[in-house]
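[1] need a structure here:
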Amino acid sequence: MNKIFSILLFYLLMPFFFLETAKAFELKEKTTSTEKDIAFSDEWLALVHYRPAWPSGVKSTIDSPSFFLAKDGKTNPEAELRATLALFNGSGRQEEKCLFPARRKYLERKGLIHKPLGSCPEYEQFKKDLNPAGVTLIFTDAYMNNPASLFGHTLLRIDIPEGKTQLIAHGANYGAFVDENKENGILFAVRGLTGGYAGGWTVKPYYRVIQTYNNIENRDIWEYSLNFTAEETDFLIDHLWEIGNTQTRYFFFTENCSYMIMELFDAVRPSLKLADDFPMQTIPLDTLKAVSERTGFVKKTAYRPSRQKRIMNAYRQMDGQQKKALLNLVNGAKEAEEELSALPKPKQADVTQTAYEYTQYLYEAGKINLAEYRKQSFPFLVMRQKIKEKETVLPPQVPAEPTTSHDSASLSFSFGSQGGDVFEELSVRPAYNSLTDRPDGLLKGAQINFLNTQIRYYNRKEKLTLQKFSLVEIASVAPANALFHPVSYQIEAFAEREKNLKTEKEGITYQFKTGGGASFEIKNDVLGFLFINGLYKTGKLLPHNQGIGVSAAAGLLAYFQKGQLSVQAEKTFSDNESLQTFEAKAFFTFPLSRNLAWQAQYRFFKQYGKTQNTFQTGLRLYF
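    Numbers count the residues shown, from 1 in each chain. Now for the predicted structure:
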């Protein structure tokens, strides 16, 4: 789906794309050659990953020279087709023929290749190892500790025949090749945004995928079984072999893990045209929705809760005695076994099983080493095996599917009053989700916003202004408890029009704020949080044009059945008097539908002993 920041660019470039499309149709009309028709067919263009290029022509997404048989094959579909036919119909090297089984199969169906492929031991072993019987699209939810995974992640599972556990199937993942030991966070972000990494495909057992995402990173996994025919599944494996040793430039927001899967699906079934939905930006959740919206393409859905969610689900169902016994057990308290033995056998089973899983979590999270893990987990395992009764813990409830979430871009229209001056505001947000947005299908307590732009018209001044431009707004409000202690944090970089309440002057200030703290669950779906933040601020409105400060913030997030509420108070301390402020704000969202919400907010601001009140209400449309 086109997002708002790409719409204007689209209209600017639209004449060039229409011109190129017209040229392509003109070329097709002028020739009756079967080969030329095939060279510009949807099937061939998708199979070699050709996409419209600017200002004209096409260009393959694949960057590896080994993927092309013609010197200009990256930009010339006809030359690449002729070179492919020459390879298979001539006396080309067998090793090279074995690199392109999908191309050969497609051209054989078109009647352009008649010679057999011959022996390809590595390719044949690859297919034998995968033993494909189907394809499943995997979606993992957001991982707030990794900038590349803030929007979630998608990959494939190559299913094996029924009757066997899919844990021994294989996962196929497209990602950036990064040496995490040599990259710092800032360099990682810059290179990821600018295509500084090479991206490629890797294949590994699916149980290792589960281990990484489900157990180590504690991310929920959604599995979407796809309705590919047996012939299409076989063709997908052939093409996966073709692109398996290739590389492309990896971009976080465009040619990323999800986009390359869309191109792979298009190569197998060109009528899907999934890549066409993402000309400017590709968010994993959006690709999942695009796949789900193709009629009949998804057969069934399965949910795998993370290890942390399974443990917390068990903990919440325990009574006070069980919780006490569990905590003493995992902490090695002397009275633990006595407390455990006082419980009924089924409750003992719940406690010992949860203690064993929690010790596994500690090891996978790197909090204990292998020797400690063996020493701590083995007694729990022995205890559990001695208890014949089954556990009473019910499995976690299946949450709303990711596809039920609001769309990633939004446009809002609102009106309000600031200091008695009435205004109207237009706000545009290309991506992705705020703490106060409807959380269904998303990670609660996670905020990931980019390029949020707010434009206001003040009626009394008859003035149109840029009120605020946020480069990035990221927040993680992850509640800590007796078993888990995640760090909550926030990062903001933005420019905002402000009023100095002492001088009455207005101007743009540029701010960067980051901090950390803790959050806790007051009750189910009500979170409290505390932050200590550092602030850097610059602009002509400030004395000496800049200032630094430290702030303390406290607030709560409440998720109701019909609405979300955020309340926060923040006090900023600084030797720069203009930064010595107090701010309190409340924000309420009432969803009217999946992609429409009514919102209202209030802000109290105090500076130099003077106050300013802002009221605002309006509608937010997601698209």
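
[2] mind listing what's buried along stretch 127-145?
    By neighbour count on 16 or more other Cβ atoms under 10 Å, the buried set for stretch 127-145 is 127, 130, 132-144. Where you see a C-beta, it was placed from the backbone N, CA and C, and this is true even at glycine.

[3] would you put the C-alpha positions of that stretch in CSV?
    C-alpha atoms of stretch 127-145 as CSV (Å, rounded to 0.1, in the frame of the first residue of the first chain):
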residue,chain,number,x,y,z
LYS,A,127,15.6,-30.5,-3.0
LYS,A,128,16.0,-33.8,-1.2
ASP,A,129,17.1,-32.2,2.0
LEU,A,130,14.1,-29.8,2.0
ASN,A,131,11.6,-32.5,1.0
PRO,A,132,9.0,-29.8,0.1
ALA,A,133,5.3,-30.4,0.6
GLY,A,134,4.1,-26.9,1.1
VAL,A,135,5.1,-23.3,2.0
THR,A,136,4.3,-21.3,5.1
LEU,A,137,4.8,-17.6,5.6
ILE,A,138,6.2,-16.8,9.1
PHE,A,139,5.6,-13.5,10.9
THR,A,140,7.4,-12.7,14.2
ASP,A,141,6.2,-9.7,16.1
ALA,A,142,8.4,-6.6,17.0
TYR,A,143,11.6,-7.0,18.8
MET,A,144,12.3,-3.7,20.5
ASN,A,145,16.0,-4.5,21.3
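
[4] average pLDDT across that stretch?
    Model confidence over stretch 127-145, given as mean pLDDT, is 94.

[5] now it, how far from the centre of its chain.
    15 Å (Cα atoms, centre = their mean, to the nearest Å).

[6] now swap in stretch 474-488 and tell me
    Using Cα atoms, centre = their mean, the offset of stretch 474-488 from its chain centre is 19 Å.

[7] mind listing what's buried along that stretch?
    Within stretch 474-488, judged by 16+ other Cβ under 10 Å, the buried ones are 474, 475, 476, 477, 478, 479, 483, 484, 486, 488.

[8] quick revisit: of the buried residues of stretch 127-145, closest to residue 401?
    Taking Cβ to Cβ as the measure, residue 139 is the one of the buried residues of stretch 127-145 closest to residue 401, at 9.4 Å.

[9] what segments of the stretch 101-250 of the chain are helices?
    Assigned by DSSP state H, counting those that start in this stretch, the stretch 101-250 of the chain shows helices spanning 101-109, 121-130, 185-194, 206-209, 230-243.

[10] in the third one, what counts as buried?
    Applying a neighbour-count criterion of 16+ other Cβ under 10 Å, the buried positions in helix 185-194 are 188, 191, 192.

[11] can I get the residues you listed in JSON lines including pLDDT?
    JSON lines is the format used below for the buried residues of helix 185-194 (pLDDT from 0 to 100):
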{"residue": "188", "pLDDT": "74"}
{"residue": "191", "pLDDT": "84"}
{"residue": "192", "pLDDT": "82"}
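
[12] could you chop the chain up by domain?
    If you go by automatic domain parsing, the domain ranges for the chain are 4-116, 128-304, 308-386, 405-622.

[13] out of those domains, nearest to residue 392?
    Comparing the domains of the chain by Cβ to Cβ, domain 308-386 comes nearest, at 4.8 Å.

[14] about what we covered before: just the buried residues of stretch 474-488: which are in helices?
    Nothing among the buried residues of stretch 474-488 maps onto helices, per DSSP state H.

[15] burial measure for the nearest residue to residue 487 once chain neighbours are set aside, as a count.
    The spatial neighbour of residue 487 that comes closest, neighbours along the chain excluded (Cβ to Cβ, 6 or more residues apart in numbering), is residue 516 at 5.5 Å. By the criterion of other Cβ atoms under 10 Å, residue 516 has 15 neighbours.
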